[in-house]
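[1] Show me how the following folds:
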Amino acid sequence: MKRTNNHNIILGTLFLTSVMLGIATPSQSYTVKRSHTSSYDRQVAQSTIINTAALEDSVFQQINSYRATQNLPALLRNSAIDTQARSHSQNMASGKVRFGHDGFVQRVQATRLFYILAAENVAYNRGYQDPAKQAVQGWLKSPGHLNNIKGQYNLTGIGVASNSKGEIYFTQIFIRV
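    Take a look at the predicted model:
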């Protein structure tokens, strides 16, 4: 932790990567500084239990809100896709798989949906008050992620997982059936 002018500076880091039809785009990372004035804020943030279901719902709402501004139809959430997205986020958070899109084709096939198109966005961050908002804003600023968000998909699944380091992993899978 870096201390400056009697304020604690906490770095929040966001990492992003996207894939469409199995072709990964270069990942991007952003670092944002937020200042806190007390150690109590840090303790509260560290002891807060992550409500992954609420974060998944938040991502879903934000993505559909953005799509509405672009006159695109809302995506429908699908439980089979959610299951695959959650599994991937959990595997990344636990270190079973590296951050990225390894196994993307298998995840899509495991949904057992007959699909025309499929894509995936992943992100992880830590140190943010609203990690879902940070992930979605990062995706919206990235051309590859934005293409997936604006794509002609009709179904989606979202999975969020966290680990003991405070990292929160996000996976959103987009499918057109």
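[2] Would you map the strands across this structure?
    Under the criterion DSSP state E, the chain contains strands at 2-4, 7-20, 23-24, 28-36, 76-77, 117-126, 155-162, 168-176.
[3] Does the spatially closest residue to Thr83 that is not a sequence neighbour have any beta-bridge partners, and if so which?
    In space, and not counting its chain neighbours, Thr83 is closest to Gly157: 7.2 Å by C-beta to C-beta, 6 or more residues apart in numbering. Every C-beta, even on glycine, is put in place using the N, C-alpha and C of the backbone. For Gly157, the beta-bridge assignment (DSSP bridges) gives partners Ile173.
[4] thinking Gly157 is in contact with Ser89, fair?
    No. At 10.7 Å, Gly157 does not count as touching Ser89 under the criterion of C-beta atoms under 8 Å.
[5] Return the residues in contact with Gln172.
    Val59, Ile63, Ala85, Glu120, Asn121, Val122, Asn148, Thr156, Gly157, Ile158, Gly159 (C-beta atoms under 8 Å, 6 or more residues apart in numbering).
[6] what about the fifth one, neighbour count?
    In other words, Asn121. 32 (other C-beta atoms under 10 Å).
[7] From Thr83, how far out is it?
    17 Å (C-beta to C-beta, to the nearest Å).
[8] same question, the first one
    Between Val59 and Thr83 the distance is 16 Å, computed by C-beta to C-beta.
[9] Looking at those two, which is more packed in?
    Val59 (26 against 15).
[10] which residues touch the more buried one?
    Residues near Val59 by C-beta under 8 Å, 6+ apart: Ala132, Ala135, Val136, Ile158, Val160, Phe170, Gln172.
[11] my guess is the third one contacts Gln62, does it?
    Yes. Counting by C-beta under 8 Å, a contact exists between Val136 and Gln62, whose distance comes to 4.4 Å.
[12] Thanks a lot, see you next time.
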